[in-house]
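[1] Dropping a prediction and its sequence here:
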Amino acid sequence: MSVRLIDGALLAEVTAEAQASPRLRKNRNFHPRDDYPGHRLLNALEPGSYVPPHRHLDPNKDETMVVLSGRLGLVTFDGQGNIAGTAVLAPGSHTLGVDIPHGTWHSVLALCPGTVFLEAKSGPYLPLTGDELAPWAPAEGQVEAAAYQATLARLFAAPAS
């Protein structure tokens with residue numbers, strides 16, 4: 001195993017992979033296997049990629065994200081799907097990242113091309129269960145998902161002057 005540098009070339013590479021992906025996102029895992037106890041990865045998102053609101057119920061699945069490039073919008077929700085809070089995360093800004101406790105409904109979206117964040121959480125990887133997917137939001141791939149994602153994006157639109 002060798003040391004892996006996280007540099008501009010790596011961010012550009014994973015960004016290009018996200019841009020070429022139908023889902024407009026791509027992970028670059030640093031952990032060797034899905035069953036590994038600690039997950040560390042780069043997560044590249046492009047505008048228009050829809051990350052359905054979800055939560056992690058496992059008390060070991062708190063999630064930390066630190067933005068390395070671009071701008072990431074974070075939306076948190078209450079249990080009925082009402083917006084509980086928003087934040088813009090970006091390198092060089094007041095807020096670089098977030099630590100999301102398990103059980104918190106959340107979604108993220110790229111606010112500009114080339115958005116890449118470092119994510120860390122406990123493994124193993126397990127697909128989200130029905131109780132972890134928001135019943136009040138469309139699932140990825142549903143026709144309504146694009147409109148819902150656009151509604152979330154408008155939360156971060158600059159007001160007209």
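    Received, thanks.
[2] I'd assumed Lys121 was in contact with Tyr36.
    No: using CB atoms under 8 Å, Tyr36 makes no contact with Lys121, being 11.3 Å away. Every C-beta, even on glycine, is put in place using the N, C-alpha and C of the backbone.
[3] Please say which of these two ends up with more neighbours.
    Lys121 (19 against 15; other CB atoms under 10 Å).
[4] Quick check: bridge partners of the more buried one?
    His39, Glu63 (DSSP bridges).
[5] Okay, now stretch 46-59: how far is its last residue from its first?
    29 Å (CA to CA, to the nearest Å).
[6] tell me the mean pLDDT for that stretch?
    Stretch 46-59 carries an average pLDDT of 97.
[7] same question, stretch 146-161
    In this model, stretch 146-161 has an average pLDDT of 87.
[8] So which bits of it are buried?
    Buried residues in stretch 146-161, defined by neighbour count with 16 or more other CB atoms under 10 Å: Tyr148, Gln149, Leu152, Ala153, Phe156.
[9] contacting residues around the one helix or strand the third one maps to?
    The one in question is Leu152. Counting by DSSP states H and E, the element that carries Leu152 is helix 145-154. Outside helix 145-154, the residues within contact range by CB atoms under 8 Å, 6 or more residues apart in numbering are 47-50, 52, 73, 75, 107, 109, 111, 137-139.
[10] Out of the buried residues of stretch 146-161, flag the one nearest to Pro91.
    Phe156 (16.7 Å; CB to CB).
[11] Going by neighbour count, list what's buried in the lengthiest helix in the chain.
    Longest helix of the chain, by residue count under DSSP state H: helix 8-20. Residues of helix 8-20 classed as buried: Leu11, Val14, Thr15, Ala18 (neighbour count, 16+ other CB under 10 Å).
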